[in-house]
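Participant: Got a predicted model here, sequence first, then my questions.
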Amino acid sequence: MSRLPQQLHPPADSQLAEVYRDICHTLARTTPPNLFTAMSARPDIAGPTWKLMHLLLANGQIPGSVKQLMVMAISSQANCRYCMISHTRALEAMGITNQVIEQCTSDPVGSSLSKLHSAIISFARKAARDPNSITDADVSALNALGLDRSEIIEVAITVALTRFINTWADATGIEVDPAG
C-alpha cells in the first residue's frame, strides 16, 4: 500500500486535474498511474516530473524501446518492483520478448540486441550502479559506436531520471497499477 494518500479525483479546475488530464490523454488511460497519484499533494512536482518522463521516454534521439530496456535494466538492478512491472508491460506492448528483457537485465552484452544498443544498456547499468565509475573511456566507447554528444546526454539523463523514479517508487511504497 502506498505510504502517501493518493487523490484520484481532484477538482476539475485545479492544477492537479490539468496534470492528470495531460497524463491520461497522452497515455490513453482513464486514470493516471499510481506513480503520479502518489504525488497528488504536490502538483507542482508531479507536472514537471511527468513532462520530463514524457520528453525522455517518448521522444528524443535514442529509440523508445532502447530507453525502456535501459529503464527496465536499471530498475531490475535496483530491485524496484513498481518500475520493473510497469516497464516490462511497456516493453511487452512494444513487442519486445521476455527473453530480450531478461537478457538486458542480466547480460546486455550477450543479448540479441545490436552492439550499440547493448553498449547503451551496459553503460546505463554501470552509471546507475556507480556513477563515479564512469570514465572518459566509457563515454568514448559510446561515441565510437556512433552516439553523438546529445545522444550521450539523453542516455545519462534517462539513467538519472530512472534512479529518481526508482527511489520515489520504493520510498513511498507505490502500488503497482492494475494491468490493462
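Facilitator: Yep, it's here. Numbers count the residues shown, from 1 in each chain.
Participant: switch to C-alpha atoms for all contacts and neighbour counts from now on
Facilitator: OK.
Participant: per-residue pLDDT, residue 58?
Facilitator: The model reports residue 58 with a pLDDT of 89.
Participant: Residue 1 too?
Facilitator: 66.
Participant: Repeat that for residue 108.
Facilitator: pLDDT for residue 108: 78.
Participant: what stretches of the chain score poorly on pLDDT?
Facilitator: 1, 180 (pLDDT under 70).
Participant: tell me which residues in the helix of greatest length in it are buried?
Facilitator: Longest helix in the chain, counting residues (DSSP state H): helix 149-172. In terms of neighbour count (16 or more other Cα atoms under 10 Å), helix 149-172 has its buried residues at 151-152, 154-156, 158-163, 165-166, 168-170.
Participant: Please apply the same query to stretch 54-65.
Facilitator: Buried, per 16+ other Cα under 10 Å, within stretch 54-65: 56-57, 62, 64-65.
Participant: Could you do stretch 108-123 as well?
Facilitator: 108-109, 111, 113, 116-123.
Participant: same deal with stretch 95-105?
Facilitator: 100-105.
Participant: List just the nearest of those to residue 90.
Facilitator: Nearest to residue 90 among those is residue 101, at 11.0 Å by Cα to Cα.
Participant: And this structure, what are its domain boundaries?
Facilitator: The record's domain split for the chain, according to automatic domain parsing, is 15-58, 64-171.
Participant: Count the residues that sit near residue 177.
Facilitator: Residues within reach of residue 177, counting by other Cα atoms under 10 Å, total 13.
Participant: For it, give me the backbone phi and psi.
Facilitator: Backbone geometry at residue 177, expressed as degrees, to the nearest 10, gives phi -70, psi 150.
Participant: Next, the contact list for it, please.
Facilitator: 33-34, 86 (Cα atoms under 8 Å, 6 or more residues apart in numbering).
Participant: Return the members of the residues you listed classed as buried.
Facilitator: For the contacts of residue 177, buried by 16+ other Cα under 10 Å: 33-34, 86.
Participant: with the residues you listed in mind, which one is nearest to residue 48?
Facilitator: Using Cα to Cα, the buried ones among the contacts of residue 177 come closest to residue 48 at residue 33, 15.1 Å.
Participant: ok, now which ones touch that closest one?
Facilitator: residue 177.
Participant: Quick check: chain neighbours aside, which residue is closest to residue 11?
Facilitator: Closest residue to residue 11 apart from its sequence neighbours, by Cα to Cα, 6 or more residues apart in numbering: residue 17 at 6.5 Å.
Participant: Convert the helix or strand harbouring that neighbour to CSV, retaining C-alpha atoms only.
Facilitator: Using DSSP states H and E, the element containing residue 17 is helix 15-27. Coordinates of each C-alpha in helix 15-27 appear next as CSV, following Å, rounded to 0.1, in the frame of the first residue of the first chain:
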residue,chain,number,x,y,z
GLN,A,15,-3.5,22.3,-11.3
LEU,A,16,-3.6,18.6,-10.4
ALA,A,17,-6.6,17.9,-12.6
GLU,A,18,-4.7,19.6,-15.5
VAL,A,19,-1.7,17.4,-14.9
TYR,A,20,-3.9,14.3,-14.7
ARG,A,21,-5.7,15.2,-17.9
ASP,A,22,-2.4,15.6,-19.8
ILE,A,23,-1.1,12.2,-18.5
CYS,A,24,-4.3,10.4,-19.2
HIS,A,25,-4.7,11.9,-22.7
THR,A,26,-1.1,11.1,-23.6
LEU,A,27,-1.2,7.6,-22.2
